[in-house]
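Q: sharing a model prediction with you, sequence too.
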2 protein chains.
Amino acid sequence: MAVYTQLGPQQVEAVLVHYDVGQLVALKGIAEGVENSNFFVQTTQSRFILTLYESRVNPDDLPFFYALLKHLHHAGCKVPRFMADREGQWLQTVAGRPACLIEFLDGVSVTEPTAAQANSTGAALGQMHQALADFTLSRPNSLGVAAWRPLAMRCTAAGLDSIADGLSARIFAECDFLEAHWPTGLPVAAIHADLFPDNVLMLGDQVSGLIDFYFACTEIRAYDLAVTHSAWCFSNDGAVFDADVSAALLSGYADCVPLDATTREALPILLRGACLRFLLTRCYDWINTPANALVTRKDPLAFLRRLDFYSDAGQVENMLGQYS
Amino acid sequence: MAVYTQLGPQQVEAVLVHYDVGQLVALKGIAEGVENSNFFVQTTQSRFILTLYESRVNPDDLPFFYALLKHLHHAGCKVPRFMADREGQWLQTVAGRPACLIEFLDGVSVTEPTAAQANSTGAALGQMHQALADFTLSRPNSLGVAAWRPLAMRCTAAGLDSIADGLSARIFAECDFLEAHWPTGLPVAAIHADLFPDNVLMLGDQVSGLIDFYFACTEIRAYDLAVTHSAWCFSNDGAVFDADVSAALLSGYADCVPLDATTREALPILLRGACLRFLLTRCYDWINTPANALVTRKDPLAFLRRLDFYSDAGQVENMLGQYS
């Protein structure tokens, strides 16, 4: 739940005056996203999201995100553009914060994805990866394999064990395993890195938009598939794997970016890594968010259950069977 | 900041299927309102607000609000309609809560009203009062003069004094004064009772909508003008009175509903009552909201300062001078 900054219409009108987008006719704070303050902006001509970047987004990263979305848009991918004003400026200042006026895309985020929707998402992810093959800017992944052990240490063993008995030992053992087995030699490129159902807009069964690129970074490309798989193919609590959704997602992706032998071999490790990344950030937020805060804390164990699934070689073999 | 209930698109589509409003194309939680969960709903045909009533709104009151808005809409007032479905049902159930699909009105809430905007608001308030002269349903005002002393007692003297030295004595003395001097014999009717700038949508200088009728009740009609005056004619902190905005608001209202001698005489008392009502509810929320909660607590003293202003006979005489 966001909107940390209160905004009056005059402040928005002062931005819109730089664009040829008509007059402001509606302005509503949006209760989504946890990194930024987002506003729905309707003008006489069109609709936009106005995003104000709060402390968790580094303004120095914005040119990377802008270039990434522009590149994807030109390649025909369904992503929202950062709007440039008459002077070519896309980075504005609103209420003292860096701010961008962003195209509003129709579509809704599904909460219980169907196989057809997962298939369309896999294809959209694959198309995005194809389009990014010639994208040259880079941004380090601050939540990659090298960051997991330090993050676990910041949670502290006592903090982790307060969430579940033995969680600390399990997490540090997983760090040991993943650091030892993390794949090398796979294609590295710009990836979304956070393609949860929240961040995919759908009209019916078709993807109408990929949004929220603020974790985008340069990483092993197939790790993006691993993150997406872990986010889409389980019940919310991680307890139930949906084999149909999984098969549909993988097939949609593989139609665009074939899963070669090296990738298939690395995928079980990448899937475990994706789980550890979200397990750890959720543990960190859990430990550092007061239980009575209005922010809903996401259950870390939902990703421990996914990690259990992916750590079972038999399950993963079944899952990837058709690509072997 | 609201949206207490998370909602997926399937739950909204299950409501829309009862209406002839097209397919869902966008759904966003809105970070406004503190009583309800509100969602922006865009369909292929139109735009709506879907409101889920959380615990602070009594579902038994919804028929009153529905009838009030229907009456005002038929009278040509700019208010959002509760949409009735093909069966004539306007009350739905979503996520186990009473819910209504409400017309979306264009317009923005101004944070620093101009005199022209206050004039338009005064006129819209007056037109609403004219339109409600033949509205027969009633709803008691649970925050009227009889409720102030009990509310002060629930805050406790210690609680009030923790906000400002001597606040408790001041508030109970004001209760004594207002209970002794509260006017009788003035026209009583349905009123909005909460017409802050937040609850008025504007396009330029013109009112495009009056919204958020969930405090509407049966009360001395001129008390509504008093609430609106106290909400519009001061700097946010209550320290600075804006004589131009005040004159414009009163003149816009008086053009529709003349300020007769009885009303003019009662107005200073009603204005003090309006201040005490918001002072007390803000004190109550201040005392009962943890300082570290994400909800922004509104400063009670902003209405103590307004109360000081209205308690000064010279100031009020100046303000109302032209109507004497």
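A: Perfect, I can see it now.
Q: so, low pLDDT: which residues of the stretch 51-200 of chain A?
A: Scanning the stretch 51-200 of chain A for pLDDT under 70 picks out nothing.
Q: assign a three-state SS to whichever residue of it sits closest to chain B, would you?
A: Residue of the stretch 51-200 of chain A nearest chain B, by Cβ to the nearest Cβ: A:Thr111 (3.4 Å). Yep, even glycine has a C-beta here, placed from its N, CA and C like the rest. Three-state assignment for A:Thr111 (DSSP: H, G, I helix; E, B strand; the rest coil): coil.
Q: what about A:Arg221, neighbour count?
A: The tally of other residues near A:Arg221 (other Cβ atoms under 10 Å in any protein chain shown) stands at 19.
Q: I figured it hits A:Pro187, correct?
A: Yes - with contact defined as Cβ atoms under 8 Å, A:Arg221 reaches A:Pro187; the gap is 4.8 Å.
Q: picking up where we left off before, contacts only, for the residue of the stretch 51-200 of chain A closest to chain B.
A: A:Pro197, B:Gly8, B:Pro9, B:Gln10 (Cβ atoms under 8 Å, 6 or more residues apart in numbering or on different chains).
Q: show me which of these are buried.
A: Buried by 16 or more other Cβ atoms under 10 Å in any protein chain shown: A:Pro197, B:Gly8, B:Pro9, out of the contacts of A:Thr111.
Q: what residues does the stretch 51-200 of chain A have near chain B?
A: A:Phe104, A:Asp106, A:Gly107, A:Val108, A:Ser109, A:Val110, A:Thr111, A:Glu112 (Cβ under 8 Å from any Cβ of the partner chain).
Q: next up, the contacts around the third one.
A: Going by Cβ under 8 Å, 6+ apart, A:Gly107 touches A:Leu201, A:Met202, A:Leu203, A:Val207, A:Ser208, A:Gly209, B:Val25, B:Ala26.
Q: which residue is the nearest non-sequential neighbour of it?
A: In space, and not counting its chain neighbours, A:Gly107 is closest to A:Leu201: 2.7 Å by Cβ to Cβ, 6 or more residues apart in numbering or on different chains.
Q: could you do the fifth one as well?
A: On the basis of Cβ to Cβ, 6+ apart, the spatially nearest residue to A:Ser109 that is not a chain neighbour turns out to be A:Asp198, at 5.0 Å.
Q: the one you found should be in a strand, yeah?
A: No - using three-state DSSP, the assignment for A:Asp198 is helix, not a strand.
Q: okay, now it: neighbour count?
A: A:Asp198 has 15 nearby residues by other Cβ under 10 Å.
Q: what ranges does the stretch 151-300 of chain A have for its helices?
A: With helices called from DSSP state H, counting those that start in this stretch, the stretch 151-300 of chain A shows them at A:157-163, A:167-181, A:221-232, A:243-254, A:261-288.
Q: list the buried ones in the first one?
A: Judged by neighbour count using 16+ other Cβ under 10 Å, the buried positions of helix A:157-163 are A:Gly159, A:Leu160, A:Asp161, A:Ile163.
Q: just the longest one next, same as before
A: Within helix A:261-288, the residues that count as buried by 16+ other Cβ under 10 Å are A:263, A:266-284, A:286-287.
Q: ok, residues contacting the very next helix or strand once past it?
A: Using DSSP states H and E, the next helix or strand after helix A:261-288 towards the C-terminus is helix A:301-310. With Cβ under 8 Å, 6+ apart as the test, helix A:301-310 has contacts from A:163-164, A:167, A:170, A:174, A:230, A:234, A:236-239, A:241, A:268, A:271-272, A:275-276, A:278-279, A:282, A:315-316.
Q: leaving out chain neighbours, which residue sits closest to the spatially most central residue of chain A?
A: Closest to where the C-alpha atoms of chain A average out (Cα atoms, centre = their mean) is A:Asp194, at 1.7 Å. Leaving aside its chain neighbours, A:Asp194 sits nearest to A:Phe215 (4.1 Å; criterion: Cβ to Cβ, 6+ apart).
Q: let me see the contact set for that neighbour.
A: Neighbour list for A:Phe215: A:Leu143, A:His192, A:Ala193, A:Asp194 [criterion: Cβ under 8 Å, 6+ apart].
Q: among these, which one has the most neighbours?
A: The residue in these with the most neighbours, by other Cβ under 10 Å, is A:His192 (28 neighbours).
Q: give me the distance between that one and A:Tyr53.
A: In this view, A:His192 and A:Tyr53 are 18 Å apart by Cβ to Cβ, to the nearest Å.
Q: ditto for A:Ala261
A: 42 Å.
Q: can you show me the strands along the stretch 51-200 of chain A?
A: A:92-94, A:97-103, A:188-191, A:200-203 (DSSP state E, counting those that start in this stretch).
Q: ok, back up a step: and the residue nearest to A:Gly107, what does it touch?
A: A:Lys78, A:Leu105, A:Asp106, A:Gly107, A:Val108, A:Ser109, A:Val207, A:Ser208, A:Gly209, A:Leu210, A:Ile211.
Q: any idea how many residues pack against the first one?
A: Spelled out, it's A:Lys78. Neighbours of A:Lys78 under the rule other Cβ under 10 Å: 19.
Q: list the contacts of it.
A: A:Lys78 makes contacts with A:Leu105, A:Ala124, A:Leu201, A:Val207, A:Ser208, A:Gly209, A:Leu210, as judged by Cβ under 8 Å, 6+ apart.
Q: which residue sits closest to the fifth one, ignoring its sequence neighbours?
A: Of all residues not flanking A:Ser208 in the chain, A:Gly107 sits nearest, at 3.5 Å (Cβ to Cβ, 6+ apart).
Q: so in terms of bridging, what pairs with that neighbour?
A: As for beta bridges, A:Gly107 partners with B:Ala26 under DSSP bridges.
Q: quick check: the gap between the residue nearest to A:Leu16 when sequence neighbours are not counted and A:Ile30.
A: Nearest non-adjacent residue to A:Leu16, counting by Cβ to Cβ, 6+ apart: A:Leu24, 5.8 Å away. Relative to A:Ile30, A:Leu24 is positioned 16 Å away (Cβ to Cβ).
Q: and A:Leu267, by the same measure?
A: Distance, A:Leu267 to A:Ile30, by Cβ to Cβ: 35 Å.
Q: kindly report the same for A:Ile102.
A: Relative to A:Ile30, and taking Cβ to Cβ, A:Ile102 is found at 12 Å.
Q: the more surrounded of those two?
A: Between A:Ile102 and A:Ile30, A:Ile30 has the larger neighbour count (other Cβ under 10 Å), namely 23 against 20.
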